[in-house]
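Asks: Sharing a model that was predicted from the sequence below.
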Amino acid sequence: MVDRTNRPSALKATDAAGPEAQVDIVGSGSSSKVIATLPSGESVEVLLFGATVTSWKSNGGKTENLWLSEKAALDGSKAVRGGVPVVFPVFGPPPKSGHPTSTLPQHGFARTSRWEFLGKSSAEDALGSNSVKLDFGLYRSGLSEDAREAWPLDFGLVYSVTLSKDSLQTIINVRNEGQQSFEFQFLLHTYFKIQDISKVAVNGLLGVTYVDKVLNATEHKQSDNSIKITGEVDRVYTSIPQDTTSIVEDGKPRFDVVRDNLQDTVVWNPWIEKAKSMGDFSPDDDYKHMICVEVGTVQGWQKLEKGEVFEGGQTIKSLL
Ligand SMILES: O=P(O)(O)OC[C@H]1O[C@@H](O)[C@H](O)[C@@H](O)[C@@H]1O
């Protein structure tokens with residue numbers, strides 16, 4: 001747990017996380033980002049806007065694992081189309097009325113707010129290889145006027161991004177800093193980069209119930225272990241018993257997505273028409289080179305009483 005009472009001021013660009021990893025802050029204002037690089041070359045880049053991971057490279061820095069639209073806004077003008085946008089306190093379009101999130105934008109305010117960089121720490125994992133952890137914070141004071149008005153609750157988010165040789169762990173810590181309880185949804189909207197969508201399968205959801213948003217939000221049960229993508233897919237799988245969902249490409253395991261205290265997963269590919277309809281999705285046919293597997297808690301709401309904390313997230317592993 002990051003001790004927020006003495007939040008470190010923004011790091012000097014020269015600060016390193018110790019001999020193991022190099023941590024730099026580049027850019028300014030809403031384009032500021034933190035870049036961490038391990039001695040073996042793996043790296044992660046996190047935009048302070050939305051605390052959005054925009055790049056994660058494994059294999060000594062040779063393999064980019066995340067898809068990022070060529071027209072993704074990286075200047076804070078709108079949510080990033082790609083990488084790992086943070087969805088909080090509501091997933092999807094908010095309830096029409098009568099809910100504290102009703103007047104928030106789709107997917108909430110976290111991905112379009114300016115987060116603070118709280119600091120870094122490095123560690124050795126069990127195998128002795130290095131990792132570096134970056135912490136980001138978002139508090140009520142950091143919200144836009146609109147968001148503060150729309151969601152008048154006092155909260156604290158600490159988002160930890162840990163880069164290791166073959167994996168990236170992203171964990172959220174949500175604290176109710178106010179006097180009244182509140183409820184929220186949370187999701188990590190990960191855009192995985194793949195070579196060819198026609199050779200991709202998403203495995204590990206056999207028998208899981210899902211809402212199919214392409215088929216008028218009807219409920220279904222996943223009838224086989226492999227989900228193939230041959231058109232627009234927008235499915236919300238809920239109450240998933242096992243913790244790992246795998247992305248297989250050309251018959252070979254490419255990514256493992258391991259949930260931590262999150263029971264739901266969205267599988268999304270816009271396919272051609274929807275890709276064309278999104279102004280910041282470019283090139284249009286790049287739906288062939290991405291798949292979203294988004295872990296979260298989006299069925300119903302997580303409720304926090306005064307002073308209570310929720311923690312959850314994912315570890316994504318590159319198996320190349
Ligand atoms: O365009 P946005 O707000 O980033 O949302 C993109 C997609 O996000 C997915 O998580 C939703 O299931 C889709 O319905 C939605 O279209």
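Replies: Arrived safely. Numbering: from 1, shown residues only.
Asks: Near the ligand, which residues of the stretch 1-150 of the chain? Just list them.
Replies: 79, 92, 106, 107 (Cβ under 6 Å from any ligand atom). In this view, the C-beta of every residue, glycine as well, is placed from N, C-alpha and C.
Asks: how far does stretch 155-162 sit from the chain's center?
Replies: With Cα atoms, centre = their mean, to the nearest Å as the basis, stretch 155-162 stands 11 Å off its chain's centre.
Asks: what residues does that stretch touch?
Replies: 1-2, 4, 44, 46, 51, 53, 86, 88-89, 110, 115, 118, 131-140, 168-178, 182, 184, 313 (Cβ atoms under 8 Å, 6 or more residues apart in numbering).
Asks: Filter those down to the ones in strands?
Replies: Among those, DSSP state E puts 44, 46, 53, 86, 118, 131-139, 168-176, 182, 184, 313 in strands.
Asks: Excluding sequence neighbours, find me the nearest residue to residue 320.
Replies: Spatial nearest neighbour of residue 320, excluding adjacent residues (Cβ to Cβ, 6 or more residues apart in numbering): residue 63 at 5.6 Å.
Asks: what residues are up against residue 94?
Replies: By Cβ under 8 Å, 6+ apart, the neighbours of residue 94 are 101, 102, 103, 104, 106, 108.
Asks: Is the third one part of a helix or strand, or is it coil?
Replies: Right, the one you point to is residue 103. Under DSSP: H, G, I helix; E, B strand; the rest coil, residue 103 falls in the coil class.
Asks: Of all the residues in the lowest-mean-pLDDT helix or strand in the chain, which ones are buried?
Replies: Scoring the helices and strands of the chain by mean pLDDT, DSSP states H and E places strand 116-124 at the bottom, with a mean of 89. For strand 116-124, burial by neighbour count (16 or more other Cβ atoms under 10 Å) applies to 116, 117, 118, 119, 120, 121, 122.
Asks: Now name the helix or strand holding the closest residue to the ligand within the stretch 1-150 of the chain.
Replies: Nearest to the ligand, among the residues of the stretch 1-150 of the chain, is residue 106, at 4.5 Å (Cβ to the nearest ligand atom). For residue 106, there is no enclosing helix or strand under DSSP states H and E.
Asks: Would you confirm that it contacts residue 93?
Replies: Yes: taking Cβ atoms under 8 Å as the definition, residue 106 is a contact partner of residue 93 at 5.2 Å.
Asks: Around the ligand, pick out the residues from the stretch 151-300 of the chain.
Replies: Within the stretch 151-300 of the chain, the positions near the ligand by Cβ under 6 Å from any ligand atom are 189, 213, 234, 266, 268, 294.
Asks: Next, please give the residue ranges for the helices of this structure.
Replies: Taking DSSP state H as the test, the helices found in the chain are 145-150, 271-277.
Asks: hey, least reliable of these by pLDDT?
Replies: Lowest mean pLDDT of the helices of the chain: helix 145-150, a mean of 94.
Asks: quick revisit: most neighbours of all the contacts of residue 94, which one?
Replies: Neighbour counts for these, by other Cβ atoms under 10 Å, peak at residue 108, which reaches 26 neighbours.
Asks: Test my guess that that residue contacts residue 100.
Replies: No: using Cβ under 8 Å, residue 108 is not in contact with residue 100; the gap is 11.0 Å.
Asks: Identify the residues contacting residue 297.
Replies: 185, 186, 187, 262, 263, 264, 312.
Asks: tally of neighbours for the spatially closest residue to residue 123 that is not a sequence neighbour?
Replies: Leaving aside its chain neighbours, residue 123 sits nearest to residue 131 (5.5 Å; criterion: Cβ to Cβ, 6+ apart). Using other Cβ under 10 Å, residue 131 has 22 neighbouring residues.
Asks: Residue 90 contacts residue 100, correct?
Replies: No: with contact defined as Cβ under 8 Å, residue 90 does not count as touching residue 100 (9.0 Å).
Asks: Looking at these two, which is more packed in?
Replies: Set residue 90 next to residue 100 and count neighbours by other Cβ under 10 Å: residue 90 wins out with 27 against 17.
Asks: any idea how far residue 103 is from that one?
Replies: Separation of residue 90 from residue 103 (Cβ to Cβ, to the nearest Å) stands at 10 Å.
Asks: Also residue 97?
Replies: In this view, residue 97 and residue 103 are 9 Å apart by Cβ to Cβ.
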